[in-house]
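1. show me the folded form of this:
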Amino acid sequence: MKITELQKDLAATFRWAARLNMNEGVANHFSACVPGSSTDFYVNKAGIHFSQIKASDLILVTKDNIEDLKTKPDVVDATAISIHGTIHQKVPHAKCIFHVHSKYSTALSALKDAILPPIDQNTMRFFNRVSIYNEYGGMGFEDESIKMASALGNKQHMLLANHGILTTGETISEGFDALYYFEKSAETYLTALSTNKELNIVSNEIAEKTAQEWSDYPSDLARAHLDQIRLILDKEEPDYKD
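-> Sure, this is the predicted structure:
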């Protein structure tokens, strides 16, 4: 079967997440829906380190094979099927989903007040655009996944209390760019907190204005970001496309 650009894009994001030390063992998952579908999606094969994932390692989960795959955890992790499958199906704008237990986002998720305040241009990007899921109930199997999908609602991203971060996008580049900037934002916030100085939080009006400016920026920076990642990988790790 011919490998698609969608698979190559998704494989590139795994490789780059590993370079950024955002992965965790062989856990965590990224997924992307087949164009025009909310039930059929690619997700990483179980047991492969992010730094080794190739386009051909992405498993196509469909409405026809999902029940069979649920019995094969050596092919696709059960939590990946539950979390990603449920959210793709129930949240129409979540065409791509990126879920990691990265250092700073997970630390933020462990705080009693896990809201990311607008203290710089990056944190402002996420103002009122992140749901907080405060009902941690386990690893993320079916019941937990349904609650996650409901909590995400019409928001673009979700911080999972005591768990990690989940970003979404209409495209792979959009979802991964958000993941990258959310982790940077969490790092900035936690670093600022570590100084024990008073935070300089901007007004809601300025935060919303800046968030909207991020959305309306005249060029597709997310696509440019992923294109540059792929150019680097084309030179240094070209097997990601295999």
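2. go through the lengthiest helix in the chain and flag the buried ones.
-> Counting residues, the longest helix in the chain under DSSP state H turns out to be helix 172-194. Neighbour counts over helix 172-194 (16 or more other Cβ atoms under 10 Å) mark 172-190, 192 as buried. (C-beta placed from N, C-alpha, C; glycine too.)
3. stretch 105-117 too?
-> Neighbour-count burial for stretch 105-117, counted by 16+ other Cβ under 10 Å, picks out 105, 106, 108, 109, 114, 116, 117.
4. show residues contacting that stretch.
-> Residues from elsewhere that reach stretch 105-117 (Cβ atoms under 8 Å, 6 or more residues apart in numbering): 123, 126, 130, 132, 159-165, 182-183, 185-186, 189-190, 199, 201.
5. tell me what the longest helix of the chain is packed against?
-> Using 3 or more Cβ pairs under 8 Å, 6 or more residues apart in numbering; DSSP states H and E, the elements in contact with helix 172-194 are helix 5-19, strand 29-33, strand 96-100, helix 103-109, helix 121-125, strand 164-169, helix 221-236.
6. other residues contacting the fifth one?
-> Helix 121-125 has contacts (Cβ under 8 Å, 6+ apart) with 116-118, 181, 184-185, 188-189, 202, 206-207, 210-211, 214.
7. closest to residue 75 among these?
-> Nearest to residue 75 among the contacts of helix 121-125 is residue 181, at 32.0 Å by Cβ to Cβ.
8. can you tell me the centre-most residue of the protein?
-> Nearest to the mean C-alpha position of the chain, by Cα atoms, centre = their mean, lies residue 98 at 2.0 Å.
9. what residues are up against that one?
-> Residues in contact with residue 98 (Cβ under 8 Å, 6+ apart) are 13, 30, 166, 167, 168, 169, 175, 176, 178, 179.
10. beta partners of the fifth one?
-> As for beta bridges, residue 168 partners with residue 97 under DSSP bridges.
11. let me see the confidence value for it.
-> Looking at residue 168, its pLDDT reads 97.
12. residues touching it, list them.
-> By Cβ under 8 Å, 6+ apart, the contact list for residue 168 reads 87, 91, 93-98, 152, 156-157, 175, 178.
13. at 7 Å instead, please
-> Taking Cβ atoms under 7 Å, 6 or more residues apart in numbering as the criterion, residue 168 is in contact with 93, 94, 96, 97, 156, 157, 175.
14. and what of residue 89?
-> So residue 89 contacts 38, 39 (Cβ under 7 Å, 6+ apart).
15. what about the residue nearest to residue 129 when sequence neighbours are not counted, neighbour count?
-> Closest residue to residue 129 apart from its sequence neighbours, by Cβ to Cβ, 6 or more residues apart in numbering: residue 156 at 5.1 Å. Neighbour count for residue 156, taken as other Cβ atoms under 10 Å: 20.
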